Structure formats: structure tokens, C-alpha cells
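Chemist: no sequence on this one, just coordinates:
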């Protein structure tokens, strides 16, 4: 990737978009708004994948997450949407404690990264290019990761049967 | 060149927001969406480290995590539909059939 200002602008733009829409997912009142903000967040993440030279994952993220999983979410929201649920309390009783504890957890994770930033020194991005990306992923997937790939296909089959059985009216 | 730490901070922020969503919301569908946020944050970490090491293995793991997220969403939404048919609610704290 060219050393310039453009990659940084792209990264910080997509990062800010992802974080802001993730916050809106959690705080927005209606579930359909949450779903739309989650789509925005996932698309921003896809942009970050593209900036990280993971083109195959960029396409998979858009086709599978935004095109598949989120359509399923929106479909189920339409199916079970209740107007009364908009007027009910959206947060549970322990929301304050939970938020504080989650933020403490986040600070706890970020402190070592921040305090030891001069000490840890993660290596800079490797000069090795991962191009052609799809070809390399395909070769790794069908050579080194053959067994996990097959297990993932069995997992998808089990999930599909399970979802059909659970959503069926009578078994 | 953007240091890998910045990707880790972005991933951490998304993870924390997802945890807040899981712990505080009452709507089960939004809890599932927050879980998707958490899995997505993990994927950013994996792809950033994959870029750092110049190896494609991290991206393979990210693909497997996306597969898991798809399976989890399908089963979770199936459970939600089945529960909604029985109890007419999608609120997590009203799901107390096992609580006597």
C-alpha cells in the first residue's frame, strides 16, 4: 500500500463510522433502526478489510453478513415486531452497573496496549503482499485447512436443520 | 502506515459496545445483533494481525468465524420465532419458563 495520507484517512473514516453506528445499534429504541445501523457498522468494517488488503474477506463480509445474515435479522424483526414493545422499557434493571463494568473491562484491556506502547512494539505491517488474495485463501483453505472447512460445512448443515426444526409449527 | 495497535483499539471499542448491548438490552433480537458486533470486532483483530504477519491464516480464521456467526444467527432467530409463537414476547427478562 502506498505510503500516504489516503490510507490513514480511509482507516479513520471507516473506524469512526463503525464505532458510531455500533453505539447507535445499542442505544436506538426500535429494533429495525438497530438492524440498519448494524448494517452500516458491518459495511464500515468491510471497508477496513479492503484497506487491510483482505479483498476476499471484504466481498464475503458484504455478501454473507450484509446480504445474508442481516436480511435474516430484518425478516425476523418484521415477523415478530410488536408496536407495544416500542413503549416498553428498552433497558433492563442492571443497565448502569453493566455499562460501568463493561467500560471498566474495556479500559482494563486497553491499558496494557496504551502504557506499553513504547515497550511492546508490535512489528509494522509486513512487506509481504497477500496477492492474489482469493487464490491464496483458496489454496490455504483446501490444503492446510481442509478438515476445518469440512467441519464448518457440517456445522452449517446442523444449524440449517436446527433452525428449520425450531421454526416449524409442528414437528 | 497505520500501526497495528490502532486496529486493536478499534476492535476493543466495538467489543466493549457489543458487551454493553448484550448486558443491558431487553430485546432478544438486539442482544443477538450485539453478539454479531462482538464477532465482527474479533474479525478485525484477526485480519489486522494477518496483515501484520503477512500471512493469510488470520483471514481463514475470520472466514470460519463468519461461518459460525451465520450458524448462530440462524439457530438464534429460529429459537426467537419459536418462543414468540408461544409467549408473544421478545423481551429477555420475560423468558422465565424454566424459573419456578
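Modeler: Right, received. Where do you want to start? Please read all numbers here as calculations on a predicted model, not as lab measurements. Numbering: from 1, shown residues only, chains lettered A, B, ... in the order given.
Chemist: C-alpha only now, for contacts and for neighbours.
Modeler: Fine.
Chemist: looking at this, residue B:1 is in a strand?
Modeler: No: according to DSSP: H, G, I helix; E, B strand; the rest coil, residue B:1 belongs to no strand; its state is coil.
Chemist: Looking at it now. What's its pLDDT?
Modeler: With respect to pLDDT, residue B:1 scores 73.
Chemist: what's the answer for residue A:34, then?
Modeler: 92.
Chemist: Tell me which residues touch it, please.
Modeler: Residue A:34 makes contact with A:24-26, A:28, B:30 under the criterion Cα atoms under 8 Å, 6 or more residues apart in numbering or on different chains.
Chemist: let's see 6 Å
Modeler: A:25, A:28 (Cα atoms under 6 Å, 6 or more residues apart in numbering or on different chains).
Chemist: Name the secondary structure element that contains it.
Modeler: Of the helices and strands defined by DSSP states H and E, residue A:34 is found in helix A:31-51.
Chemist: Which positions in the helix or strand just after that helix come out as buried?
Modeler: Toward the C-terminal end, the helix or strand that comes next after helix A:31-51 (DSSP H and E) is helix A:55-60. Residues of helix A:55-60 classed as buried by neighbour count (16 or more other Cα atoms under 10 Å in any protein chain shown): A:55-58.
Chemist: Next one: residue B:51 from chain A, what distance?
Modeler: For residue B:51, the distance to chain A equals 6 Å [Cα to the nearest Cα, to the nearest Å].
Chemist: Remind me what whichever strand or helix holds that residue packs against, helices and strands.
Modeler: For residue B:51, the host element (DSSP H and E) is helix B:28-53. Helix B:28-53 is packed against helix B:4-24, helix B:57-87, with contacts defined by 3 or more Cα pairs under 6 Å, 6 or more residues apart in numbering or on different chains; DSSP states H and E.
Chemist: mind putting these in CSV, distance to residue A:117 and mean pLDDT included?
Modeler: What follows is the helices and strands packed on helix B:28-53, written out as CSV (distance: least, Cα to Cα, whole Å; pLDDT from 0 to 100):
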stretch, distance to residue A:117, mean pLDDT
helix B:4-24, 8, 92
helix B:57-87, 23, 91
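Chemist: where does chain A have its least confident helix or strand?
Modeler: For chain A, using mean pLDDT, DSSP states H and E, the weakest element among its helices and strands is helix A:117-120, scoring a mean of 65.
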